[in-house]
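A.B. asks: Need the 3D shape of this:
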Amino acid sequence: MEGLLGGLFNGVSIGAVLLIVALGLAIVFGLMGVINLAHGELMMLGAYTTYVVQNGAAAIGGGALEIYFLVALPIAFLVAASVGLLLERGVIRHLYGRPLETLLATWGVSLILRQFIRSVSWSLVIGLVIFCVLFFGGRWILQRQANWERLSRIANPVVLMLSGAIAIVTGIVINQSGNTNLIRPWFGARNVDVTAPSWLRGGVSISGEFASQLYWAVTVGVCLFALLWIVGYFAFIRPERRITERLDNDRVVVIASALIGAILALLTFFTNQPPRPDWFSSGVPLQFPYSRLFIIGLTIVCLIGVYWFLNGTAWGLRIRSVTQNRKMSACLGIPTEKVDALTFALGSGLAGIAGCAVTLLGSVGPNLGGNYIVDAFMVVVVGGVGKLAGSIVAALVIGIVTYLIGSGTIALLLTPFPALQPVTDFFTFFATTSMAKVMVFALIIAFLQWKPAGMFPQKGRSVEV
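C.D. replies: Model prediction:
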């Protein structure tokens, strides 16, 4: 049992990253109905922003390397939010109500962002700046003309072609100049490493009898939580379903009651220290890395911030109003276009924060976003579209189950029981990251056959007879 608590902790930290990514997806998909396949690349931009801030702090020297990560968090949010805002204004705004076109467009944007990270250099940046200045500046000047509406169909393509031609020629001239500082890619195709500050290295170590007692208490607490939730579901939630479908509060009460019961069980075990079974190991060291603890804390802060924004601000009220009924909100004077832009920027910024957090778990590469985007979509679908509580539960469950299966923890826990050898062999076969995802996806498909709308389905109106 020595790997159970460590596996749960690592699974929670992975689920925390998925939750930050899924928060943005849940907000965007719940409000706009947009399936943004470029969301993972926005996460990648946040990770590379952290790498750039780290290099800047290293150049400054002194104590900058100790605080650079805290500085990188808001910068990563702003960079990803800015790119998301440009994506919404330039592409997605013109494709509302056309899900297939939106899917293809965001997939194309994701490919462009990946290649941009591989190829970006000073020459490319200079060319893009020249293009933007000429194109948008030219349109701004021409729009002041009295006959702009009559000439816009001709002027827009002409300004676009001239701006693009000048930018391309400038890039060619810079590349042929031979200046390696201007033409050398900033990142390239290889992964880059982000070094955590000294205060995020190491971790908390628990060993001896206390660690063994903690293993045993958590095991019983988790089992008791599952038992209480099952009893609460069949005793309170399922009978009420015949009367009404609005059971969000009931679900929260049942989950909270089960959690309180599990916590009380933990306290009781630590106070009385009942005997443990002989097969339960003792004295096994337990490690809680500071980096993963920081990720969990960051996720909690993001959850509180998103909840406060959606429920305690005027713009949050507008977002919830548009989510429930877009046409009625527009009739009441709510600027739905601004709400869409703000929502997309917020979701993209959360992806940037997730990318910043991921740098604490491993190296950063152009394909980073693809490793998380599918799991994040699964969190949104399983939890329920636009439901914060559902996203929390789904992210933790998917993160924990994926890690326990992929790391071989479940197979290791079943090893002392010879009668369960076929089950042990089954989980050993799936004890890799890729195969664990296959099994988790299969479980999700089976779950959606039972509850197609997810754990927390969206509220709707029904005719009362």
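A.B. asks: Is it correct that residue 200 is in contact with residue 294?
C.D. replies: Yes. Counting by C-beta atoms under 8 Å, residue 294 is a contact partner of residue 200 at 5.8 Å. Bear in mind the C-beta positions are built from the backbone N, C-alpha and C, glycine included.
A.B. asks: what residues are shared contacts of these two?
C.D. replies: Counting by C-beta atoms under 8 Å, 6 or more residues apart in numbering, the contacts common to residue 200 and residue 294 are residue 360.
A.B. asks: Show me where the protein has its strands.
C.D. replies: Remark: strands assigned in the chain by DSSP state E are 203-206, 286-289.
A.B. asks: Restricting to C-alpha, output the last one in PDB.
C.D. replies: Spelled out, it's strand 286-289. Extracted in PDB, the C-alpha atoms of strand 286-289 (Å, rounded to 0.1, in the frame of the first residue of the first chain):
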ATOM      1  CA  LEU A 286       6.400   9.400   1.500                       C
ATOM      2  CA  GLN A 287       7.400  12.500  -0.600                       C
ATOM      3  CA  PHE A 288       5.300  15.600  -1.400                       C
ATOM      4  CA  PRO A 289       7.300  17.700  -3.800                       C
END
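A.B. asks: Nearest residue to residue 308 in space, please, no chain neighbours.
C.D. replies: Excluding the flanking residues, the one nearest residue 308 by C-beta to C-beta, 6 or more residues apart in numbering is residue 316, at 7.9 Å.
A.B. asks: what do you get for residue 299?
C.D. replies: Using C-beta to C-beta, 6+ apart, the closest residue to residue 299 is residue 16 (3.9 Å).
A.B. asks: so who does that neighbour touch?
C.D. replies: Applying C-beta under 8 Å, 6+ apart, the residues near residue 16 are 295-296, 298-299, 357, 395, 399.
A.B. asks: per-residue pLDDT, it?
C.D. replies: Here the pLDDT value assigned to residue 16 is 86.
A.B. asks: how about the longest helix seen in the chain: buried residues?
C.D. replies: Counting by DSSP state H, the longest helix found in the chain is helix 2-32. For helix 2-32, the neighbour count (16 or more other C-beta atoms under 10 Å) marks 2-32 as buried.
A.B. asks: same deal with stretch 53-71?
C.D. replies: Quick answer for stretch 53-71 (16+ other C-beta under 10 Å): 53-54, 57, 65, 68-69.
A.B. asks: What subset of the contacts of residue 16 is buried?
C.D. replies: 295-296, 298-299, 357, 395, 399.
A.B. asks: hmm, which two among those residues are most spread apart?
C.D. replies: Greatest spacing in the buried ones among the contacts of residue 16, by C-beta to C-beta: 298 and 399 (14.7 Å).
A.B. asks: what's the spacing between the residue nearest to residue 299 and residue 373?
C.D. replies: 17 Å (C-beta to C-beta, to the nearest Å).
A.B. asks: and what of residue 175?
C.D. replies: With C-beta to C-beta as the criterion, residue 175 and residue 373 are 33 Å apart.
A.B. asks: Check residue 115 too.
C.D. replies: 17 Å.
A.B. asks: More neighbours: the two, which one.
C.D. replies: Using other C-beta atoms under 10 Å, the more surrounded residue of residue 115 and residue 373 is residue 373, with 23 against 12.
A.B. asks: quick one: contacts for the more buried one?
C.D. replies: 21, 37, 39-40, 43.
A.B. asks: Local confidence estimate at it?
C.D. replies: 84.
A.B. asks: Please renumber the chain so that the first residue is 44 from this point on.
C.D. replies: I'll keep to 44 as the first residue from here, and by that count the last item is residue 416.
A.B. asks: Only C-alpha atoms, please: export stretch 155-162 in CSV.
C.D. replies: Output of stretch 155-162 as CSV, limited to C-alpha atoms (Å, rounded to 0.1, in the frame of the first residue of the first chain):
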residue,chain,number,x,y,z
ILE,A,155,0.2,27.6,-37.2
LEU,A,156,1.1,28.3,-33.6
ARG,A,157,3.2,25.1,-33.3
GLN,A,158,5.2,26.1,-36.4
PHE,A,159,5.5,29.7,-35.2
ILE,A,160,7.2,28.5,-32.0
ARG,A,161,9.6,26.3,-34.0
SER,A,162,10.4,29.1,-36.5
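A.B. asks: average pLDDT across that stretch?
C.D. replies: 88.
A.B. asks: ok, now stretch 190-198?
C.D. replies: 74.
A.B. asks: Ok, stretch 111-121 next?
C.D. replies: Mean predicted lDDT for stretch 111-121 stands at 92.
A.B. asks: before we move on, what about stretch 131-146?
C.D. replies: 82.
A.B. asks: Can you give me the first-to-last residue distance of it?
C.D. replies: Terminal residues of stretch 131-146 are spaced 13 Å apart (C-alpha to C-alpha, to the nearest Å).
A.B. asks: now it, how far from the chain's geometric center?
C.D. replies: 21 Å (C-alpha atoms, centre = their mean, to the nearest Å).
A.B. asks: buried stuff in it?
C.D. replies: Taking 16+ other C-beta under 10 Å as the criterion, stretch 131-146 shows 131, 134-135, 138-139, 145 as buried.
A.B. asks: contacting residues around residue 453?
C.D. replies: Contacts of residue 453 (C-beta under 8 Å, 6+ apart): 447, 470.
A.B. asks: and the gap between residue 71 and residue 387?
C.D. replies: From residue 71 to residue 387 the distance is 6 Å (C-beta to C-beta).
A.B. asks: Find the residues that touch each one of those two.
C.D. replies: Joint contacts of residue 71 and residue 387 (C-beta under 8 Å, 6+ apart) are residue 77.
A.B. asks: Apart from its neighbours in sequence, what residue is nearest residue 490?
C.D. replies: Using C-beta to C-beta, 6+ apart, the closest residue to residue 490 is residue 425 (6.5 Å).
A.B. asks: How many residues are close by the one you found?
C.D. replies: Using other C-beta under 10 Å: residue 425 sits among 23 other residues.
A.B. asks: Surely it is in contact with residue 444?
C.D. replies: No. The criterion here is C-beta under 8 Å, and residue 425 misses it with residue 444 at 11.1 Å.
A.B. asks: Reformat the buried residues of stretch 131-146 into TSV and put distance to residue 90 next to each item.
C.D. replies: Putting the buried residues of stretch 131-146 into TSV (distance: C-beta to C-beta, whole Å) gives the following:
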residue	distance to residue 90
131	21
134	22
135	23
138	27
139	29
145	25
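A.B. asks: So which of those residues is the closest to residue 378?
C.D. replies: residue 131 (14.0 Å).
A.B. asks: Next one: that closest one from residue 119, what distance?
C.D. replies: With C-beta to C-beta as the criterion, residue 131 and residue 119 are 18 Å apart.
A.B. asks: do residue 129 as well
C.D. replies: 16 Å.
A.B. asks: Likewise for residue 145?
C.D. replies: 25 Å.
A.B. asks: residues touching residue 90, list them.
C.D. replies: By C-beta under 8 Å, 6+ apart, the neighbours of residue 90 are 119, 237, 398-399, 401-402, 407, 411.
A.B. asks: cutoff 6 Å now
C.D. replies: 398, 401-402, 407, 411 (C-beta atoms under 6 Å, 6 or more residues apart in numbering).
A.B. asks: count of residues packed around the closest residue in space to it that isn't next to it in sequence?
C.D. replies: Once flanking residues are discounted, residue 90 sits nearest to residue 398: 3.7 Å by C-beta to C-beta, 6+ apart. Residue 398 has 33 neighbours, counted by other C-beta under 10 Å.
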